[in-house]
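Chemist: A predicted structure for the sequence below; I have some questions about it.
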Amino acid sequence: MVDLSVIIVSWNVRDLLDKCLTSLQRATRSERPGESREFNTEIIVVDSASSDGSVDLVREKHPEVDLLPQSSNIGFTRGNNIGLKRARGDFLLLLNPDTEVNPGALARMLEFMSGQPQVGILGPHTLNSNGSHQSTRRRFPTLATGIFESTWLASWAPPSVERNYRMFDTKDSDIIEADWVQGSALMLRREVYDSIGGLDEGYIMYSEELDYCRRAKSASWRVFYHGGAIITHHGGKSSEQVGAHKQIHFQSSKLRYFRKHHGYLPYLTLRAILLLQFSWQLCLESLKGALGHKRELRARRARIYWQVLRRGLKARL
């Protein structure tokens, strides 16, 4: 019997993957005084055709891992679905390779979910590399959130938009219900996967966990954040390798979510606003570059915005 299956999709982050797997070896034991409860864990690594020696590292240094090397870069969502199909655990943890799990964190998450049968998905308290808090609990985004989040207009957003979306009215140490939790570390019950299936592969990267939590809540499961279970997330090391595609995937995935869960009109409205923003940014960066202000930087940004506009930010439907 397997209590917990940990699924990691990795692409060219060899050293971080090594740290993640090492942390998991320590994290399978509770550190509470007088308690040393172990639980049966399997670790599945889906390697997305890494070229940095990740596969050899896992085989040589972590032979206990169930390694599933792929012949091409299959993307984050598809990689997780391959791991989910392989998993045998009663609970399933989707974990980024650029994370480190604190001792006792997994035991606390399993203990909480075992005592709360209606909780289908649980996210931990996540820290940045420097030990500061990383916001990972959310309410569902509104159209205003979609307009302002990670765009040029972010600094103009009314404070209430950010405060409500990121649940700043709650404490980082709370154990609290949320609408969704970030996918860098997302634990779910086997029953959730059995009832709603895997991640939507229409999302290449970004918003896949938002969509999954929404589907789970629509199927009457509850989503919680656990402030006492701590991991460190070093943040976006795979996505940093894809340049302009990061913006394209982020905004396109956002649009897919709004088209899927809010309808065609909100999708069209949001897409038009985003395209106008990127058009304005392209013009502004091109003008600054022509005037001789940080030309290399302006040219690089202009290329990114041009690529975004060429792709048209069409949601994968």
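Modeler: Good, I have the coordinates. Numbers count the residues shown, from 1 in each chain.
Chemist: after the longest helix anywhere in the chain, which helix or strand is next?
Modeler: If you go by DSSP state H, the chain has its longest helix at helix 264-290. Remark: after helix 264-290, the chain's next helix or strand is helix 295-311, criterion DSSP states H and E.
Chemist: which strands and helices sit next to that next one?
Modeler: Helix 295-311 is packed against helix 244-262, helix 264-290, with contacts defined by 3 or more CB pairs under 8 Å, 6 or more residues apart in numbering; DSSP states H and E. To be clear about C-beta, it is placed using only N, CA and C from the backbone, and glycine gets the same treatment.
Chemist: highest average neighbour count across the ones you listed?
Modeler: Burial of those is given as mean neighbour count (mean count of other CB atoms under 10 Å); helix 244-262 ranks first at a mean of 21.
Chemist: what's the average pLDDT for that helix?
Modeler: Mean pLDDT, computed over helix 244-262, is 87.
Chemist: could you give the angle of that helix to helix 264-290?
Modeler: Angle of helix 244-262 versus helix 264-290, following axes from the mean of the first three to the mean of the last three CA atoms, to 10 degrees, is 160 degrees.
Chemist: mind listing residues that contact helix 244-262?
Modeler: Contacts to helix 244-262, defined as CB atoms under 8 Å, 6 or more residues apart in numbering, come from residues 141, 143, 146, 149-150, 202-208, 210-211, 214, 239-240, 242, 266-267, 270-271, 274, 303-304, 307-308, 311, 313-317.
Chemist: please list only the buried members of the residues you listed.
Modeler: Using 16 or more other CB atoms under 10 Å as the burial test, the contacts of helix 244-262 include 141, 146, 149, 202-208, 210-211, 214, 239, 266-267, 270-271, 274, 304, 308, 313, 315 as buried.
Chemist: which residues touch the residue nearest the centre of the chain?
Modeler: Centroid-nearest residue in the chain, with CA atoms, centre = their mean: residue 183, separated by 3.2 Å. Contact analysis of residue 183 by CB under 8 Å, 6+ apart lists 94, 96, 208-209, 212.
Chemist: same check, this time on residue 196
Modeler: Neighbours of residue 196 in contact, by CB under 8 Å, 6+ apart: 212, 215-216, 219.
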